[in-house]
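In: Compute the structure for the input listed below.
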Amino acid sequence: MGPMRPKSGTLHFMQRTSRQQASPAVQPSLDTRLQTTSYRVQDLLDLLQEGRLRMAPFERAWRWAPEDVVALFDSLYRGYPVGALVFWKRRGEDALLVVDGQQRIMALAGALLARQEGDPRPPFDLHFDLERDTFTLTRTTLLSPSPKTEVPVRLLGDRWQLTRWFRAHPGDVMERVDELFWRIRSYQIPAYVVETEDEDAVRQVLRRVSTAGKPLGEADLFDALHGARGEALPGDLREVAERLLDTGFGEFSTEMILRSLRSILHQEGATEGDMHLPEGTTAAEALAHVERSLRRTIAFFREDVRIPFLQLVPYKPAILVLAAFFARYPAPSPRSRQLLSRWVWRSAVIGGLGGDAMPARSTLLALQDLRETAAVSALLGALPERPRTARRLDRFDARSARSKLDTLALFALGPMAFSTGQRVTMSTLFGASATHKGLPPLLHAPSGSNAELERRMSTIANRIAHPPIPARALRELHASEVPTDILESHGISRTAWKALREGDALGFLEARGERLAAHIEAFIEARAEWDQSDRPALTSLVIPDDE
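Out: This is a model prediction of the structure:
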């Protein structure tokens with residue numbers, strides 16, 4: 001059998017380049033000593049306005065929350081350290097590029113400097129409360145102006161406007177504000193200046209430096225080193241996440257997208273900042289490729305696995321494997337999709353029981369060298385044996401794999417609204433427009449209830465695939481004759497409903513729990529198909545002459 005040919009039209013990252021096979025490269029050293037200095041806040045603002053302080057191309061986008069801005073200004077005012085800045089200075093250039101400290105500098109500019117049209121800085125309506133001696137983020141309008149005791153911090157960036165403000169306030173207030181002005185504007189922030197032409201050395205500085213405020217996580221670090229917003233292709237991980245929102249599947253975290261990219265590149269064990277792209281592949285191309293792979297994965301979950309929302313995926317690590325699979329095999333055969341669906345459900349069950357549902361890393365690495373059908377067989381073969389533990393209703397936790405399986409099983413009954421008889425879809429409780437997300441409890445434990453009742457109330461037996469029912473509406477339901485088909489669509493037998501109408505909550509939960517346990521077991525069996533043959537299609541056994 002000859003070597004496999006790449007499928008046309010598919011960007012393959014599976015080939016190991018000589019750079020990837022070689023031993024780790026020697027890390028670059030700085031050719032000059034770091035310069036240590038300090039900059040007053042006033043100096044930084046002046047440099048920004050003169051265009052001599054700019055953001056390095058690999059710095060990250062805005063990530064701070066409003067409370068981080070308040071904390072920064074509070075530290076400046078009270079003289080606490082705010083961490084060192086790191087600037088990059090190329091020889092022969094007068095400008096400084098911010099390697100570390102963008103969040104702090106953008107916060108200073110957003111609160112202190114006047115904004116111009118097209119300014120990318122985030123605006124902050126920051127105020128200082130003279131009475132409470134604290135900073136606050138408020139919104140003031142003509143109808144609700146800021147109190148006399150609140151000083152708009154933006155005035156501290158413009159001495160002329162501050163002078164005008166002084167004229168309308170008493171002398172004691174002027175002294176307090178003048179002190180505030182000088183404390184903020186004269187605060188000196190330590191800084192390192194890296195003078196080098198070697199961009200790799202600067203990237204090493206970014207990897208190694210410890211940032212103030214929110215440290216760079218793995219996803220942030222990838223975006224910092226490779227991000228390039230503004231291109232037709234996605235510029236960073238955050239942009240991939242934003243683009244995937246149009247699927248309606250749910251919001252992927254940048255960490256999940258980064259892990260999916262690692263899985264596609266077979267670099268699952270790479271440490272922070274050590275990911276490398278295949279030779280000749282740009283970051284934008286890699287990001288576009290992981291986006292396409294995740295879109296195929298989303299379509300697979302909806303069409304084959306029949307899970308329409310990310311929130312309901314029982315075992316999230318399966319997404320990483322599927323992203324790698326669909327990157328390698330973008331259009332698998334119907335039989336492969338059927339077997340792959342079994343793998344997802346079996347992985348969910350095993351993972352939900354606390355087992356190791358993921359194949360060994362060696363199996364994932366082998367995907368690059370296997371035919372499509374052999375890859376699917378390898379994934380199924382890597383799973384542990386079918387669990388033989390009896391199904392028991394455990395405490396419901398919407399984040400756990402087992403509870404997500406319970407939720408999916410509940411929707412498989414085709415739940416109907418008690419008042420109208422209309423179908424309650426998953427979108428009703430998990431879609432983007434859902435006013436209440438998740439399965440609400442049907443009953444609430446009364447004070448002084450016994451331990452067994454509380455345990456039963458914590459399980460899926462007390463959850464309902466239905467918008468929340470107010471207590472008054474529930475009492476009205478008890479007094480009415482609910483059609484049997486509506487009750488059955490929620491796994492509620494006539495016996496269970498009779499117990500509930502008579503005030504026997506424990507009897508209701510026991511009867512419903514018994515029925516749901518049997519239904520959930522059958523639901524999982526129907527999708528995992530443990531007893532079915534996992535053989536690939538016979539046509540896959542025919543090897544073309546050119547392979």
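
In: Tell me where the model's unsure across the stretch 351-500 of the chain.
Out: 352-369, 389-391, 448 (pLDDT under 70).

In: can you do 80?
Out: 351-370, 387-392, 432-435, 445-449, 471, 478-479 (pLDDT under 80).

In: Can you show me the helices along it?
Out: 361-366, 372-382, 401-411, 426-430, 451-457, 471-479, 484-488, 494-501 (DSSP state H, counting those that start in this stretch).

In: Would you format those helices as a markdown table with mean neighbour count and distance to Asp129 included?
Out: (C-beta placed from N, C-alpha, C; glycine too.) Formatted as a markdown table, these follow (neighbours: other Cβ atoms under 10 Å; distance: least, Cβ to Cβ, whole Å):
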| stretch | mean neighbour count | distance to Asp129 |
| --- | --- | --- |
| helix 361-366 | 15 | 55 |
| helix 372-382 | 19 | 60 |
| helix 401-411 | 23 | 45 |
| helix 426-430 | 19 | 42 |
| helix 451-457 | 15 | 46 |
| helix 471-479 | 11 | 42 |
| helix 484-488 | 14 | 56 |
| helix 494-501 | 17 | 54 |
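
In: Export those helices as TSV, with columns for distance to Leu277.
Out: Shown next, in TSV, are these (distance: least, Cβ to Cβ, whole Å):
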stretch	distance to Leu277
helix 361-366	18
helix 372-382	23
helix 401-411	33
helix 426-430	35
helix 451-457	52
helix 471-479	57
helix 484-488	55
helix 494-501	58
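
In: which stretch among these comes nearest Ala417?
Out: Closest to Ala417 of the helices of the stretch 351-500 of the chain, according to Cβ to Cβ: helix 484-488, at 8.0 Å.

In: what helices or strands is the closest one leaning on?
Out: Helices and strands touching helix 484-488, by 3 or more Cβ pairs under 8 Å, 6 or more residues apart in numbering; DSSP states H and E, are helix 494-501.

In: Check the offset of the helix it packs on from the chain's centre.
Out: 42 Å (Cα atoms, centre = their mean, to the nearest Å).

In: just the CA coordinates of that helix, formatted as CSV?
Out: Output in CSV follows, covering the C-alpha atoms of helix 494-501 (Å, rounded to 0.1, in the frame of the first residue of the first chain):
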residue,chain,number,x,y,z
ARG,A,494,-51.6,8.2,36.6
THR,A,495,-50.5,6.5,39.9
ALA,A,496,-47.7,9.1,40.4
TRP,A,497,-50.1,12.0,39.5
LYS,A,498,-52.7,10.7,42.0
ALA,A,499,-50.1,10.7,44.7
LEU,A,500,-49.1,14.3,43.9
ARG,A,501,-52.8,15.5,44.0
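
In: mean confidence for whichever helix or strand comes after it?
Out: Using DSSP states H and E, the helix or strand that directly follows helix 494-501 along the chain is helix 505-528. Helix 505-528 shows a mean pLDDT of 93.

In: which other helices and strands contact helix 505-528?
Out: helix 334-352, helix 401-411, helix 451-457, helix 494-501.

In: 6 Å instead, please
Out: helix 334-352, helix 401-411, helix 494-501 (3 or more Cβ pairs under 6 Å, 6 or more residues apart in numbering; DSSP states H and E).

In: can you give me the angle it makes with helix 494-501?
Out: 140 degrees (axes from the mean of the first three to the mean of the last three Cα atoms, to 10 degrees).

In: mind listing what's buried in helix 505-528?
Out: Of the residues in helix 505-528, those buried by neighbour count under the rule 16 or more other Cβ atoms under 10 Å are 505, 507-513, 515-517, 519-520, 523-524, 527-528.

In: Reformat the helices and strands packed on helix 505-528 as CSV; add distance to Arg54.
Out: Listed next are these as CSV, based on distance: least, Cβ to Cβ, whole Å:
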stretch, distance to Arg54
helix 334-352, 47
helix 401-411, 46
helix 494-501, 67
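
In: closest to Glu195 out of those helices?
Out: Per Cβ to Cβ, nearest to Glu195 of those: helix 334-352, 51.2 Å.

In: Need the contact partners of that closest one.
Out: The list of residues contacting helix 334-352 from outside it, by Cβ atoms under 6 Å, 6 or more residues apart in numbering, reads 304-305, 314-315, 318, 357, 372, 376, 379-380, 383-384, 401-402, 524, 527-529, 534, 537.
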